[in-house]
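**Student:** using only what follows, build the 3D model:
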Amino acid sequence: MDIKLDDLTGSEVATLIGEHLQNMALNSPPESRHALNLEELKKPEITFWSAWEQGQLVGCGALKELDNRHGEIKSMRTSSSHLRKGVARRMLEHIIEEAKRRGYQRLSLETGSMSAFNPAKRLYVSFDFQFCKPFSDYIEDPNSVFMTKEL
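**Tutor:** Numbers count the residues shown, from 1 in each chain. This next block holds a predicted model:
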């Protein structure tokens, strides 16, 4: 699997982000959706990567700098045709490695509380993420789960 910095201009990436946003719309009420669209992912505080295997886009993920010691995982998504092949695990490893390289002391994330998000929560727990209170600009929300990891 080849993970590379991505400028979000490719049609495959646009399709995957669209799939991600559509999935969020199916599983979360509007006020509880925190997924970013293509333009929001292009902000300077966000680094976005795409994952490729044999010329096919298999997943993506992003790291948002909250401050010089704290990062947030955003837009983790595996292409629906590549689920359960280790794509998310490899992307998460990549993001954690980059957060450590930047000197972050903490890495946090928000995900849904509904059963559709259970695979994601299990993945994060397997990497020693702990459930926590809302961070940054998030507020308590019964549809959201917040997790963090000391690096």
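**Student:** and the strands in this structure, which stretches?
**Tutor:** According to DSSP state E, the chain carries its strands in the segments 2-5, 46-53, 56-67, 70-78, 106-112, 130-132, 144-150.
**Student:** can I get the CA coordinates of the lengthiest helix in the chain in PDB?
**Tutor:** In the chain, assigned by DSSP state H, the helix with the most residues is helix 11-27. Extracted C-alpha coordinates of helix 11-27, given in PDB (Å, rounded to 0.1, in the frame of the first residue of the first chain):
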ATOM      1  CA  SER A  11     -11.700  12.500  -9.300                       C
ATOM      2  CA  GLU A  12     -11.100   9.300  -7.300                       C
ATOM      3  CA  VAL A  13     -10.500  11.200  -4.100                       C
ATOM      4  CA  ALA A  14     -13.500  13.500  -4.700                       C
ATOM      5  CA  THR A  15     -15.600  10.400  -5.200                       C
ATOM      6  CA  LEU A  16     -14.300   8.800  -1.900                       C
ATOM      7  CA  ILE A  17     -14.900  12.000   0.100                       C
ATOM      8  CA  GLY A  18     -18.400  12.200  -1.400                       C
ATOM      9  CA  GLU A  19     -19.000   8.600  -0.300                       C
ATOM     10  CA  HIS A  20     -17.800   9.500   3.100                       C
ATOM     11  CA  LEU A  21     -20.100  12.500   3.400                       C
ATOM     12  CA  GLN A  22     -23.100  10.500   2.100                       C
ATOM     13  CA  ASN A  23     -22.400   7.800   4.700                       C
ATOM     14  CA  MET A  24     -22.300  10.400   7.400                       C
ATOM     15  CA  ALA A  25     -25.600  11.800   6.200                       C
ATOM     16  CA  LEU A  26     -27.100   8.300   6.400                       C
ATOM     17  CA  ASN A  27     -25.800   7.600  10.000                       C
END
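**Student:** centre of the chain to that helix, how far?
**Tutor:** Centroid separation for helix 11-27 versus its chain: 13 Å, with C-alpha atoms, centre = their mean, to the nearest Å.
**Student:** good, wrapping up.
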